[in-house]
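Asks: Need a 3D model of the sequence below.
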Amino acid sequence: MNYGAYFGKGLSYAEFLQRHGTEEQRRRWQAVYDKVSLSAVQQTLLRGFAREMKLLVTAGAWCGDCVNQCPILARIAEQNERIQIRYFDRDEHAELSEALSLCGAPRVPSVVFLSEDNFVCGRYGDRTLSKYRQLAAEQLAPACPTGIAPPEDSLQERVVQEWLDEFERIQLMLRTSGRLRKLHGD
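Replies: Reported below is the predicted structural model:
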């Protein structure tokens, strides 16, 4: 799969919602976007990213997990112009969705992180660990061992931090890459 070729075909956050979302879906995404906040420490971390990162995100405007996570990605990308995200509708881009499928299905949101020269650096999605812990506690509670889910605090804050951790992991991969350090002379 030539992810670099796909990147140029993707939509910005606003374009994706305008093209694929209904008025009600856009309202829901906006409500989550308005609630997402990054601490000063998180903002400083993101603003310090030195390497370009490209993300391809397969999503659905109708998808609840996308509603809750894609606005987080948008807020993260706002902190540094080196973070470039392109969104793709899962159904419209079936080949990409299939390439990014998880657990045997084209689940959303699915993300592939690319270097500036379009090498795959990582994949993430469809839900973060905190979200899966919440689902397990709700759906498997009688069968789950005690302690599978941590004490409840803000799920959104935990999900934001887990996404930030993945962005930082990829950025550190890019910063310590011998190939890219040679290219950039650092």
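Asks: Buried residues in the least confident helix or strand in the chain by mean pLDDT, which are they?
Replies: Within the chain, no helix or strand scores below helix 129-139, which has a mean of 84 by mean pLDDT, DSSP states H and E. Under the neighbour-count criterion of 16 or more other CB atoms under 10 Å, helix 129-139 has 130-131, 133-134 buried. Using the backbone N, CA and C atoms, a C-beta is placed for each residue, glycine as well.
Asks: Against which helices or strands is the biggest helix by length in the chain packed?
Replies: Ranked by residue count, the top helix of the chain under DSSP state H comes out as helix 155-176. With contacts defined as 3 or more CB pairs under 8 Å, 6 or more residues apart in numbering; DSSP states H and E, helix 155-176 has these neighbours: helix 40-47, strand 53-59, helix 64-78, strand 120-125, helix 129-139.
Asks: if you set the cut-off to 7 Å instead, what comes out?
Replies: strand 53-59, helix 64-78, strand 120-125, helix 129-139 (3 or more CB pairs under 7 Å, 6 or more residues apart in numbering; DSSP states H and E).
Asks: Residue 103 is nearest to which of the ones you listed?
Replies: Closest to residue 103 of the helices and strands packed on helix 155-176 is strand 120-125 (CB to CB; 10.7 Å).
Asks: buried stuff in that closest one?
Replies: 121, 124-125.
Asks: Tabulate these (TSV), appending pLDDT and distance to residue 157.
Replies: Formatted as TSV, the buried residues of strand 120-125 follow (pLDDT from 0 to 100; distance: CB to CB, whole Å):
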residue	pLDDT	distance to residue 157
121	98	25
124	94	18
125	88	19
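Asks: For residue 27, state which of the residues you listed is nearest.
Replies: For those, the nearest to residue 27 is residue 125 (23.5 Å; CB to CB).
Asks: what's around the nearest residue to the closest one once chain neighbours are set aside, how many residues?
Replies: Setting aside the residues directly before and after it, residue 125 is nearest to residue 110 in space (CB to CB, 6 or more residues apart in numbering), at 4.1 Å. Counted by other CB atoms under 10 Å, the residues lying close to residue 110 total 23.
Asks: Please verify my assumption that residue 110 contacts residue 100.
Replies: Yes - assessed by CB atoms under 7 Å, residue 110 is found in contact with residue 100 at 4.0 Å.
Asks: what sits in contact with each of the two?
Replies: residue 58 (CB atoms under 7 Å, 6 or more residues apart in numbering).
Asks: What pLDDT does the model give residue 8?
Replies: With respect to pLDDT, residue 8 scores 94.
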